[in-house]
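*Asks:* give me a 3D structure for the following:
(one chain, ligands or ions: 1)
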Amino acid sequence: MGDQFSIPATDAIPALRWEEPPEGPVLVLLDQTRLPAEEVELVCTDVQALVRAIRDLAVRGAPLLGIAGAYGVALAAARGYDVDEAADLLAAARPTAVNLAYGVRRAVDVYRAALPEGLDAAAAAVLAEARAVHAEDAAASASMARRGAEVLAELAPGGGYRILTHCNTGALVSGGEGTALAVVLAVHRAGELRRLWVDETRPLLQGARLTAYEAARTGMPYTVLTDNAAGSLFTAGEVDAVLIGADRIAADGSTANKIGSYPLAVLARYHNVPFIVVAPCTTVDLATRDGAAIEVEQRPGHEVTDLGSPLGAQAYNPAFDVTPPELITAIVTERGVVSPVTADALRVMCGPWAE
Ligand SMILES: CSC[C@@H](O)[C@@H](O)C(=O)COP(=O)(O)O
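*Replies:* Next up, the predicted model:
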């Protein structure tokens with residue numbers, strides 16, 4: 001079994017970092033299952049521990065999973081484990097966010113290419129690659145924030161925005177400030193955020209716990225609502241735009257994101273409100289043809305029934321749903337914006353490496 005232990009978190013609260021204490025390299029994660037009640041870090045000394053942290057959602061969110069996957073391969077290499085076996089375990093830890101497989105593959109490719117120079121050189125090369133994946137995501141986040149704020153101004157002119165978001169897409173899922181929440185933060189810094197509506201995001205409350213935590217830390221005006229209150233909010237004319245992230249965007253623009261995203265897209269269309277997806281090109285998977293081809297992770301039923309269902313109650317608990325491209329007003333990446341969402345425009349923006 002993998003080795004994990006907990007320590008109090010520091011002030012800076014990075015979602016993840018690499019450390020090299022005398023006992024050997026470790027990957028330190030902010031344990032997102034314990035936020036906001038406790039800021040505690042989880043120290044992973046081996047790949048099994050990291051895989052468990054990924055499955056338990058201690059580390060989560062598509063871009064961060066890619067970063068964690070790359071560092072996981074680096075950890076295996078640095079500690080002398082079987083790198084191929086570690087890579088397989090990591091890539092299979094969660095199936096929907098394509099970033100995880102992407103980060104693992106990038107790290108393994110670099111490891112294999114460097115192996116003729118020796119094990120130490122290969123371990124150093126793969127760590128450098130993991131750091132590059134991390135840094136590139138930070139840069140992508142900054143670019144998405146800028147582009148997203150511009151798109152919002154075009155699609156919903158007027159400023160003073162009331163933005164509805166779902167799940168958690170901020171610094172907790174990124175090497176930088178995140179995806180959709182990075183855009184919201186840019187709007188807030190520009191003095192144009194009237195209100196951030198935070199869907200609580202059942203069953204694991206990534207909105208009520210994590211987005212609210214980030215909104216509070218950054219001083220945004222925010223309000224948490226139950227997922228099923230969103231319709232009333234639209235009816236009341238209280239939403240100017242919906243901004244969400246993505247776990248996988250198929251070649252046709254179909255977008256898998258946290259369960260409950262698709263109903264928001266339907267509501268947004270009915271109420272004529274822009275529905276904007278913000279994600280790096282590492283989330284675009286041109287090898288996945290369409291929404292039906294996206295594997296949706298099914299989570300354990302107790303996550304749904306724990307709140308008081310009778311013992312033995314069955315649960316339907318998909319982690320994600322898929323929004324078809326025709327319901328998405330725009331997809332914003334670090335490379336540009338597609339609106340309307342078409343397969344050709346996506347390929348031009350994120351190909352050829354996403355293929
Ligand atoms: C930039 S994060 C985009 C998505 O990864 C996010 O919205 C999401 O659905 C995360 O789901 P989670 O199950 O918490 O990993």
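*Asks:* going forward, measure contacts between C-alpha atoms and count neighbours the same way
*Replies:* Will do.
*Asks:* got the phi and psi for the nearest residue to residue 14 once chain neighbours are set aside?
*Replies:* Taking Cα to Cα, 6 or more residues apart in numbering as the measure, residue 14 lies nearest to residue 30, with 7.0 Å between them; neighbours along the chain are not counted. Listed backbone geometry of residue 30 is phi -70, psi 120, with angles given as degrees, to the nearest 10.
*Asks:* repeat that for residue 320.
*Replies:* Per degrees, to the nearest 10, the residue geometry at residue 320, taken as phi and psi, is phi -140, psi 160.
*Asks:* which SS state does residue 84 fall under?
*Replies:* Secondary structure, DSSP: H, G, I helix; E, B strand; the rest coil: residue 84 is helix.
*Asks:* look up how far residue 112 lies from it.
*Replies:* When distance is defined by Cα to Cα, to the nearest Å, residue 84 is 10 Å away from residue 112.
*Asks:* residue 42 is in contact with the residue nearest to residue 14, correct?
*Replies:* Yes - between residue 30 and residue 42 a contact is recorded at 6.1 Å, counting by Cα atoms under 8 Å.
*Asks:* where in the stretch 251-355 of the chain is pLDDT low?
*Replies:* Flagging of the stretch 251-355 of the chain using pLDDT under 70 yields the residue ranges 352-355.
*Asks:* repeat that for the chain.
*Replies:* Answering for the chain: the residues below the bar, that is pLDDT under 70, span 1-2, 5-13, 352-355.
*Asks:* what does it have sitting close to the ligand?
*Replies:* Taking Cα under 6 Å from any ligand atom, the part of the chain that reaches the ligand is made up of 60-63, 167-169, 173, 178-179, 245-247, 257-258, 319.
*Asks:* so which of the residues you listed are in strands?
*Replies:* Here DSSP state E is the test, and the residues of the chain next to the ligand give 257-258 as lying in strands.
*Asks:* from the residues of the chain next to the ligand, which two are the most distant?
*Replies:* 178 and 319 (19.7 Å; Cα to Cα).
*Asks:* more crowded one of the two?
*Replies:* Under the neighbour definition other Cα atoms under 10 Å, residue 178 and residue 319 were set side by side, and residue 178 has more, 32 against 19.
*Asks:* okay, and the common contacts of residue 30 and residue 42?
*Replies:* For the pair residue 30 and residue 42, no residue contacts each of them under the criterion Cα atoms under 8 Å, 6 or more residues apart in numbering.
*Asks:* quick revisit: of the residues of the chain next to the ligand, closest to residue 203?
*Replies:* Each of these was scored against residue 203 by Cα to Cα, and residue 319 proved nearest at 8.9 Å.
*Asks:* quick check: the closest one touching residue 296?
*Replies:* Yes - under the criterion of Cα under 8 Å, residue 319 is in contact with residue 296, at a separation of 6.9 Å.
*Asks:* tell me which strands and helices whichever strand or helix holds residue 142 is in contact with?
*Replies:* Secondary structure assignment for residue 142, by DSSP states H and E: helix 119-155. When contacts are defined as 3 or more Cα pairs under 8 Å, 6 or more residues apart in numbering; DSSP states H and E, helix 119-155 packs onto helix 62-78, helix 98-114, helix 180-189, strand 330-332.
*Asks:* how far does the third one sit from the chain's center?
*Replies:* Same thing as helix 180-189. Per Cα atoms, centre = their mean, to the nearest Å, the displacement of helix 180-189 from the mean C-alpha position of its chain is 16 Å.
*Asks:* the second one now?
*Replies:* Mean C-alpha position of helix 98-114 versus that of the full chain (Cα atoms, centre = their mean) differs by 18 Å.
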